[in-house]
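Asks: got a sequence here, can you model it:
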Amino acid sequence: MSEPYDSRFTLPSIDDAPSTEAGVILMGLDAERLLAGVGLARLADEPALVALAVDQARHDALDLSTGALAEAGILRWRAVRPLIEAGPEMTSAGSLRREWEHTTARVIATVSGLGPASVACLAACWLRRDDVDEFAEHGRAPEKGSGTHDVLSRVFAD
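Replies: Prediction:
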């Protein structure tokens, strides 16, 4: 008699993209780290923002703490979540790796101008949206008129 098959421990297919395995890892992060990733990915996806961040770091005006990155990620998540939600319905894939592929396709189809880091972080947030929404609602979201005056915070607020 054979033992029951547990698909949680299935090795990836040799044909799976490396980004799929990165996605599986991302989905294991907690909501704060996912949102911090969204905040940092937004910066890293855009060369002009990277140059601006380097200049701000040079002048000690850039806060890259996890809290600041999570706040930037919350702002971005709130801006793009309705776009992702309005995207085409996709059937459940039944496999974590296939679900990742479907979700990244949905993010790409609904939010324009994303680089690969933003696609990955937003896809992970979408797949974990209950946790992410809870953190965004009750976490350390920035308040209107807060003391954050650096340029990157204003750029992230679009």
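Asks: residue 42 contacts residue 76, correct?
Replies: Yes. Between residue 42 and residue 76 there is a contact under CB atoms under 8 Å: 5.5 Å. C-beta coordinates here come from the backbone N, C-alpha and C atoms, glycine included.
Asks: those two: which is more packed in?
Replies: residue 42 (26 against 23; other CB atoms under 10 Å).
Asks: what's near enough to touch the residue sitting nearest the centre point of the chain?
Replies: The residue lying closest to the centre of the chain (CA atoms, centre = their mean) is residue 121, at 2.3 Å. Listed by CB atoms under 8 Å, 6 or more residues apart in numbering, the contact set of residue 121 reads 26, 34, 37, 38, 41, 73.
Asks: quick one: low-confidence ranges for this structure?
Replies: For the chain, the stretches with pLDDT under 70 are 1-14, 93, 140-158.
Asks: how far off centre is the lengthiest helix in it?
Replies: The longest helix of the chain (DSSP state H) is helix 66-85. Distance of helix 66-85 from the chain centroid (CA atoms, centre = their mean, to the nearest Å) equals 8 Å.
Asks: check which residues of that helix are buried.
Replies: 68-77, 80-81, 84 (16 or more other CB atoms under 10 Å).
Asks: do the same with stretch 106-121
Replies: For stretch 106-121, the neighbour count (16+ other CB under 10 Å) marks 106, 107, 108, 110, 111, 114, 117, 118, 119, 120, 121 as buried.
Asks: what's the answer for stretch 55-67, then?
Replies: Using 16+ other CB under 10 Å as the test for burial, stretch 55-67 gives 56, 62, 63.
Asks: what sits against residue 105?
Replies: So residue 105 contacts residue 90 (CB under 8 Å, 6+ apart).
Asks: for it, helix, strand, or coil?
Replies: For residue 105, the secondary structure call by DSSP: H, G, I helix; E, B strand; the rest coil comes out as helix.
Asks: roughly how far does it sit from residue 71?
Replies: Distance, residue 105 to residue 71, using CB to CB, to the nearest Å: 29 Å.
Asks: quick one: list the elements packing against the longest helix of the chain.
Replies: Counting by 3 or more CB pairs under 8 Å, 6 or more residues apart in numbering; DSSP states H and E, the packing neighbours recorded for helix 66-85 are helix 31-44, helix 96-110, helix 116-127, helix 129-138, helix 151-156.
Asks: mind checking those for the one nearest to residue 16?
Replies: helix 96-110 (5.9 Å; CB to CB).
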